[in-house]
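> Coordinates for the following, if possible.
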Amino acid sequence: MSAMNRKLIQNLAETISKQVKRGNKTEAECLIRMFNRLLEEHIVPGRAVNGLDRGLFRYILHNTFGMTDDMMMDGVFRAFDKDNDGLITVKEWIEGLSIFLRGTLDEKIKYCFSVYDLNGDGYISREEMFHMLKKSLIRQPTEEDPDEGTKDLVELTLKKMDHDHDSRLSYADFEMAVKEENLLLEAFGHCLPDAKNILMFEQQAFQDPLQR
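Below you'll find the predicted structure:
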């Protein structure tokens, strides 16, 4: 890596670390280097790209953070891609990872809600709950209506979380329910890394002497 590249990375890390609540300049530098390396390894030579596309980002979620559900991975991509341009920029990468790795409960509630709000209308509807919860139940081949169990689960969830009784979850509903019972944070699917994957990622990103 040339001195100029190092200087550019240091300057970018300083700028981003001032804007992102969590982390520091050294960690931001490590994440920028990781971001650049991912682009170099997976982008077609000669093709100018300044961000991680959906396919590459899903590959990272699967291989680094152990995520397997397509719907959840698409939701995580939307949550990271703040400007909705179909690419995760280096700033969006660091901002998203700051919540993944060290987010407060409030930050994680906002993040999970944005993942579960599949159509981005500000609510988690019955239909959205049904689609997300459908995969969580093991179906029995003898069931006459295999969707009946999912429908029951949706109704139970609404009873537990729908505080204003309008048959859908607003952000206020979701926030109140999670603060009453933290286990409801990932009620509709696995969209945050577990402690083991966080530790492995941090060891890879922040403790690799080749990146310092």
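
> can we go C-alpha only for contacts and neighbour counts from here?
Will do.

> tell me the contacts of D173?
Listed by Cα atoms under 8 Å, 6 or more residues apart in numbering, the contact partners of D173 are M161, D162, H163, D164.

> Neighbours of the closest residue to L192 other than its chain neighbours, how many?
Sequence neighbours aside, F100 is the residue nearest to L192 in space, at 6.3 Å (criterion: Cα to Cα, 6 or more residues apart in numbering). Close neighbours of F100, defined as other Cα atoms under 10 Å, add up to 19.

> which element is F100 on?
F100 is part of helix 90-102 when elements are defined by DSSP states H and E.

> Just the buried residues of that helix, please?
V90, K91, E92, W93, I94, E95, G96, L97, S98, I99, F100, L101 (16 or more other Cα atoms under 10 Å).

> Export the residues you listed as a markdown table, with columns for distance to D69 and pLDDT.
Output for the buried residues of helix 90-102, formatted as a markdown table (distance: Cα to Cα, whole Å; pLDDT from 0 to 100):
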| residue | distance to D69 | pLDDT |
| --- | --- | --- |
| V90 | 24 | 91 |
| K91 | 25 | 91 |
| E92 | 22 | 94 |
| W93 | 20 | 94 |
| I94 | 23 | 92 |
| E95 | 22 | 92 |
| G96 | 19 | 94 |
| L97 | 19 | 93 |
| S98 | 22 | 90 |
| I99 | 20 | 92 |
| F100 | 17 | 90 |
| L101 | 20 | 88 |
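
> residues in contact with the residue nearest to the spatial centre of the chain?
Taking Cα atoms, centre = their mean as the criterion, V76 is the residue nearest the geometric centre of the chain, at 3.5 Å. Counting by Cα under 8 Å, 6+ apart, V76 touches V115, C191.

> How about the one 5 residues further on?
Residues touching D81, when contacts are defined by Cα under 8 Å, 6+ apart, comprise L87, I88, T89, E92.

> The second one contacts F80, doesn't it?
In other words, I88. Yes. Here I88 reaches F80: they are 6.7 Å apart, a contact under Cα atoms under 8 Å.

> ok now the helix or strand bottoming out on mean pLDDT in the chain, how far from the chain's centre?
Least confident helix or strand, the chain: helix 3-19 with a mean of 70, by mean pLDDT, DSSP states H and E. Relative to the centre of its chain, helix 3-19 is centred 24 Å away, using Cα atoms, centre = their mean, to the nearest Å.

> now the strands for this protein?
Taking DSSP state E, the strands of the chain run over residues 123-125, 168-170.

> Partner strands of the last one, with direction?
Based on DSSP bridges, the pairing partners of strand 168-170 within the sheet are strand 123-125 (antiparallel).

> gap between the partner strand and the chain center?
Strand 123-125 sits 18 Å away from the centroid of its parent chain (Cα atoms, centre = their mean).

> can you check stretch 116-131 too?
For stretch 116-131, the distance to the chain centre is 16 Å (Cα atoms, centre = their mean).

> Ok, stretch 163-181 next?
That offset, for stretch 163-181, works out to 20 Å (Cα atoms, centre = their mean).

> and what of stretch 115-122?
13 Å.

> can I have that stretch written out in CSV, keeping just the CAs?
Output in CSV follows, covering the C-alpha atoms of stretch 115-122 (Å, rounded to 0.1, in the frame of the first residue of the first chain):
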residue,chain,number,x,y,z
VAL,A,115,-35.3,-4.8,8.7
TYR,A,116,-38.8,-6.1,9.6
ASP,A,117,-40.6,-3.3,7.9
LEU,A,118,-40.4,-5.1,4.5
ASN,A,119,-42.1,-2.4,2.4
GLY,A,120,-40.7,0.6,4.3
ASP,A,121,-44.1,2.1,5.1
GLY,A,122,-43.3,2.6,8.8
